[in-house]
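**Q** Build me a structure from this.
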Amino acid sequence: MSLFEPGPEDESRAAPDAPLAARMRPRTPEEFVGQEHFFGPGKLLRRMLDADRLASVIFYGPPGTGKTALAHVIARKTQARFVFLNAAAAGVAQVREALVQAKERRRAGQRTVLFVDELHRFNKAQQDVLLPDVEEGVVLLIGATTHNPFFTVTSALVSRSQIFEFHPLAADDIKTLLRRALADEERGLGAHKVDLAEDALDHLAELSDGDARRALNALDLGVLTTPPGPDGVIHYSLQVAEDSIQRKAVVYDHDEDAHYDAASAFIKSMRGSDPDAAIYWMAKMLEAGEDPRFIARRIVICAAEDVGNAHPQALVIANAALQIAEFVGMPEARIPLAQAVTYIATCPKSNAAYLAIDKAMQDVREGRTLEVPADLRDAHYPGAKRLGHGEGYQYAHEGEGHFVEQDYIPEERTYYEPTDQGYEKQIKERLDEWKKRKREKKSPGDSPA
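**A** The predicted structure follows:
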């Protein structure tokens, strides 16, 4: 069986029984919808294509956003032979065969677009096989992946490719594609008499979550399974749309950038005092199957790092949510987690404790190591007092307000600088008072008479 799909003159002609999304692939740059940030008029990839100065590229983004469709457009525009490999099924031998035939085609004056779907599934050896011919221009490589190529593709291949990130399609883009499919008699559903209700169109555009393939196939399913009414028209209602698209799947990986991006947005929303945003990102993670313990750990860290002593109870609530989540499990764990998230998001904020430990650790790593003063050293063992350990130590509880004017570090250092937020304002006032008493004891002559 040949590795190669038909040439550019025939590649858009999908079989009549192929899915609607395959039949409706764009044939020209003008037909391509979405990704205006790099393929709109005057944008980088459009300029490269128009000037016939294409280099190897990696298309990265969610399913159904046009990666394969744009590869077909490029092949047609450049009059190149389109060679398709799926990295999940192809071995090194198939890659080598594709490259050998590309060299033969090159000698005959024809270019080859080698489209590798799911590029991230190629191991390092398979990716390395591509390198020489990509570098020499034997093939124009278009790699498509739903995974961040900086995590999953070798640095050598990434450095030889231009990276283009695909975004989920806007609802209006999805509607454009659906209307085009209904009107197209050659490839689409134009041969059918379809009355697509506006609310059904809105539902498909919304529930597809920016995935054109999902929206088009839901439209196709609904049209082909709904009998015409007495008027001979297929009435594609909201109910038909709901039945056709059903529940959407949340696109989310558990060890790459989607995972870390969601966690980052979650933490930043709590830090930024937006409980609604924080709850949304947590809901997305939970719906995608994220481990609730991972979420709970992020909540605990946020309580300590971003709320701190401005509201010390936040850490208690966060820790309780962590323990409860481990104890009860999902789906009930979502409730204490939601309580902790909304509580922490609405607390006064301070990162003073976080800044203090980082500053102190930097001093320990980079500065001169300070010795423990003799009066603070352990004096409980025999002979300690002969070394002067503990001599001069003052017991804090014997001082006024359970405070004594004693130095606990040989050089004056300030790490913890409380803010005026929440409870930390009271801490700041106490610290200022204690520092004032120390200064007055050291310089009694400077005190007012």
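**Q** rest of the way, CA atoms for contacts and neighbours
**A** OK.
**Q** Which of the three states applies to Cys347?
**A** What DSSP: H, G, I helix; E, B strand; the rest coil gives for Cys347 is coil.
**Q** so what's it up against?
**A** Applying C-alpha atoms under 8 Å, 6 or more residues apart in numbering, we find Cys347 in contact with 273, 307, 310-311, 314.
**Q** okay if I get the residues you listed as JSON lines plus pLDDT and secondary structure?
**A** Output for the contacts of Cys347, formatted as JSON lines (pLDDT from 0 to 100; DSSP: H, G, I helix; E, B strand; the rest coil):
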{"residue": "Ser273", "pLDDT": "94", "secondary structure": "coil"}
{"residue": "Val307", "pLDDT": "96", "secondary structure": "helix"}
{"residue": "Ala310", "pLDDT": "95", "secondary structure": "helix"}
{"residue": "His311", "pLDDT": "96", "secondary structure": "coil"}
{"residue": "Ala314", "pLDDT": "96", "secondary structure": "helix"}
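**Q** Most neighbours among the residues you listed, please name it.
**A** Counting neighbours by other C-alpha atoms under 10 Å, the top entry in the contacts of Cys347 is Val307, with 30 neighbours.
**Q** ok, it - contacts?
**A** Here Val307 is in contact with 271, 314, 344, 347-351 (C-alpha under 8 Å, 6+ apart).
**Q** related to what we said a few turns ago, sort out which one of the contacts of Cys347 lies nearest Gly143 for me.
**A** Ser273 (40.3 Å; C-alpha to C-alpha).
**Q** Touching, the closest one and Ala345? I think so.
**A** Yes. The pair Ser273 / Ala345 is scored as a contact, 4.4 Å apart, by C-alpha atoms under 8 Å.
**Q** Do you have the strands of the stretch 151-300 of the chain handy? List them.
**A** Assigned by DSSP state E, counting those that start in this stretch, the strands in the stretch 151-300 of the chain fall at 162-165, 194-196, 234-236.
**Q** hmm, back to that, Asp231: which of the contacts of Cys347 is nearest?
**A** Nearest member of those to Asp231, counting by C-alpha to C-alpha, is Ser273, at 56.1 Å.
**Q** measure stretch 219-238 end to end?
**A** The straight-line separation of the ends of stretch 219-238 (C-alpha to C-alpha, to the nearest Å) is 11 Å.
**Q** ignore the last one, stretch 222-234
**A** 9 Å.
**Q** so where is the protein shaky, pLDDT-wise?
**A** 1-14, 247-257, 444-449 (pLDDT under 70).
**Q** okay, now the domains of it?
**A** Annotated domains of the chain cover 20-165, 171-245, 257-345, 372-443 [automatic domain parsing].
**Q** Checking Leu114 next. Helix, strand or coil?
**A** strand.
**Q** quick one: it and Asn86, what's the gap?
**A** Counting by C-alpha to C-alpha - Leu114 and Asn86 are separated by 11 Å.
**Q** Out of the two, name the residue with the larger neighbour count.
**A** Counted by other C-alpha under 10 Å, Leu114 and Asn86 do not tie: Leu114 has more neighbours, with 27 against 16.
**Q** got the contact list for the more buried one?
**A** So Leu114 contacts 82-85, 139-142 (C-alpha under 8 Å, 6+ apart).
**Q** Swap in 7 Å and give it another go.
**A** 82-84, 139-142 (C-alpha atoms under 7 Å, 6 or more residues apart in numbering).
**Q** Which of the residues you listed are buried, as a ChimeraX select command?
**A** Buried members of these, defined by 16 or more other C-alpha atoms under 10 Å, are picked up in ChimeraX with:
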select :82,83,84,139,140,141,142
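**Q** Now, the contacts of Leu114 that are in strands?
**A** 82-84, 140-142 (DSSP state E).
**Q** now for those residues, which pair is the farthest apart?
**A** The most widely separated members of the ones in strands among the contacts of Leu114, counting by C-alpha to C-alpha, are Phe84 and Leu140 (12.0 Å).
**Q** rewinding a little: and which of the contacts of Leu114 is nearest Ala170?
**A** Distances from Ala170 to these, taken by C-alpha to C-alpha, are shortest for Ile142, at 23.9 Å.
**Q** distance between the longest helix along the chain and the chain's centre?
**A** In the chain, with assignment by DSSP state H, the single longest helix is helix 424-442. What separates the centre of helix 424-442 from the centre of its chain is 45 Å, taken as C-alpha atoms, centre = their mean, to the nearest Å.
**Q** Just the buried positions in that helix, please.
**A** 424, 426-428, 434, 437-438.
**Q** With distance to Lys43 as added columns, please give those in CSV.
**A** Written out in CSV, the entries for the buried residues of helix 424-442 read as follows (distance: C-alpha to C-alpha, whole Å):
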residue, distance to Lys43
Glu424, 51
Gln426, 56
Ile427, 55
Lys428, 54
Trp434, 62
Arg437, 66
Lys438, 65
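**Q** Widest-spaced pair of the residues you listed?
**A** Glu424 and Lys438 (20.9 Å).
**Q** give me phi/psi at Tyr60?
**A** phi -130, psi 130 (degrees, to the nearest 10).
**Q** go on, Tyr393?
**A** Dihedral angles for Tyr393 - degrees, to the nearest 10 - are phi -70, psi 140.
**Q** Now do it against Gln421, distance only.
**A** For Tyr393, the distance to Gln421 - C-alpha to C-alpha - is 34 Å.
**Q** The two - which one has more neighbours?
**A** Remark: of Tyr393 and Gln421, Gln421 carries more neighbours, 18 against 15, as counted by other C-alpha under 10 Å.
**Q** Give me the nearest residue to the more buried one, chain neighbours excluded.
**A** Ala310 (5.5 Å; C-alpha to C-alpha, 6 or more residues apart in numbering).
**Q** Rebuild the contacts of Val307 as JSON lines, extending it with distance to Asp363.
**A** Below are the contacts of Val307 laid out as JSON lines (distance: C-alpha to C-alpha, whole Å):
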{"residue": "Arg271", "distance to Asp363": "27"}
{"residue": "Ala314", "distance to Asp363": "29"}
{"residue": "Ile344", "distance to Asp363": "31"}
{"residue": "Cys347", "distance to Asp363": "31"}
{"residue": "Pro348", "distance to Asp363": "29"}
{"residue": "Lys349", "distance to Asp363": "25"}
{"residue": "Ser350", "distance to Asp363": "22"}
{"residue": "Asn351", "distance to Asp363": "19"}
